[in-house]
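A.B. asks: need coordinates for the below:
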Amino acid sequence: MVIDRKVYNITQWAKRHPGGSRVISHYAGEDASEAFTAFHPNVKYVQKFLKPLFIGELAATEPSQDRDKNAAIIKDFHSLRAKAESEGLFEARPLFFCLHLGHILLLEALAWLIIWLQAGWLQHDFGHLSVFKKSSWNHVLHKFSIGHLKGASANWWNHRHFQHHAKPNIFSKDPDVNMLHVFVVGTTQPYGIKKIKYMPYHYQHQYFFLVGPPLLIPIYFHVQIIRTMISRHDWVLKATCNIKQSPFNDWFSGHLNFQIEHHLFPTMPRHNYHRVAHWSVLCVRNMGFLTTSKQCGKALLMFSGH
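C.D. replies: Sure thing, here's the model as predicted:
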């Protein structure tokens, strides 16, 4: 592997690569100078690990990049990165990310609380058989709402709640006013015995082969998708599109509305993408690629084929 015209033997060390052997092996026998800089925030520190792997330098007549790379494009990219570094665009603001984490935790807690409370009222309706005329439908949806949405047992709730309605607030008869344990775990599980009637576990070795063929279906589609991507690799240039910058778009997309900038500088703090966007667009256009930037709604419609 070549980095800045220096050749390194990574055959054995690739297995110890912190980023994984597969990633670094993609550049085996190639010039990895740009990728090396892009993936490592502290290049000077990482270069210490390269010293034992050094085996020589490229000959003076050997080009500084792979033959299928454009020297002018590489030069423009180096200039763009140097300008971004000089402007301090790789310096993160910790407060930005702390506030972002805080608002995520707050929204998640509020969402969980609202869902959990509303699921409680809904399972109460089904538990009282007050929704459908057929009691079996109420029972099924009661088990789903209290079991899957709240993580409790429908039978446990019925056992307690019906007693509450039979003797509301009567001490020793209404479970809601008794100081009981939240869960009472016994030594037997009668429901497990009932399941044996419907699921013959002792014959599973005879019908387990039925699981295999359905698993082949996603493999087939995966292969077809890869074939399509290879045969239509030029589509990525035609479909590449940034989303125009706005506070909402930045928040909604995690600043990946600047997806060109993110792939050029993956270690750059995302709150600086908008500052480097103008320079990167000029650089990409100088390379001969067209760039498009649309409003979020228009971009979604375009991607959906409308």
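A.B. asks: all strands of the stretch 101-250 of the chain, in order?
C.D. replies: Remark: strands assigned in the stretch 101-250 of the chain by DSSP state E, counting those that start in this stretch are 242-243.
A.B. asks: how about low-confidence regions in it?
C.D. replies: 178-204, 233-234, 236-239 (pLDDT under 70).
A.B. asks: so which residues of the stretch 151-300 of the chain form helices?
C.D. replies: Counting by DSSP state H, counting those that start in this stretch, the stretch 151-300 of the chain has helices at residues 154-166, 190-195, 204-207, 212-231, 235-239, 247-253, 259-264, 273-286, 296-303.
A.B. asks: let's have the ones you listed in JSON lines, adding mean neighbour count and distance to residue 34.
C.D. replies: The way it works is simple: take the backbone N, C-alpha and C, and place the C-beta from them, glycine included. Supplementary listing: the helices of the stretch 151-300 of the chain in JSON lines, determined by neighbours: other C-beta atoms under 10 Å; distance: least, C-beta to C-beta, whole Å:
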{"stretch": "helix 154-166", "mean neighbour count": "14", "distance to residue 34": "59"}
{"stretch": "helix 190-195", "mean neighbour count": "9", "distance to residue 34": "59"}
{"stretch": "helix 204-207", "mean neighbour count": "9", "distance to residue 34": "54"}
{"stretch": "helix 212-231", "mean neighbour count": "9", "distance to residue 34": "23"}
{"stretch": "helix 235-239", "mean neighbour count": "10", "distance to residue 34": "19"}
{"stretch": "helix 247-253", "mean neighbour count": "13", "distance to residue 34": "25"}
{"stretch": "helix 259-264", "mean neighbour count": "18", "distance to residue 34": "10"}
{"stretch": "helix 273-286", "mean neighbour count": "17", "distance to residue 34": "13"}
{"stretch": "helix 296-303", "mean neighbour count": "13", "distance to residue 34": "28"}
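A.B. asks: out of those, flag the one nearest residue 30.
C.D. replies: Nearest of the helices of the stretch 151-300 of the chain to residue 30, taken as C-beta to C-beta: helix 259-264 at 18.2 Å.
A.B. asks: average pLDDT for the closest one, rounded please.
C.D. replies: Per-region confidence: helix 259-264 scores 85 on mean pLDDT.
A.B. asks: quick one on the thing from earlier: in CSV: the helices of the stretch 151-300 of the chain, plus distance to residue 72.
C.D. replies: Output for the helices of the stretch 151-300 of the chain, formatted as CSV (distance: least, C-beta to C-beta, whole Å):
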stretch, distance to residue 72
helix 154-166, 69
helix 190-195, 69
helix 204-207, 64
helix 212-231, 27
helix 235-239, 18
helix 247-253, 32
helix 259-264, 16
helix 273-286, 8
helix 296-303, 30
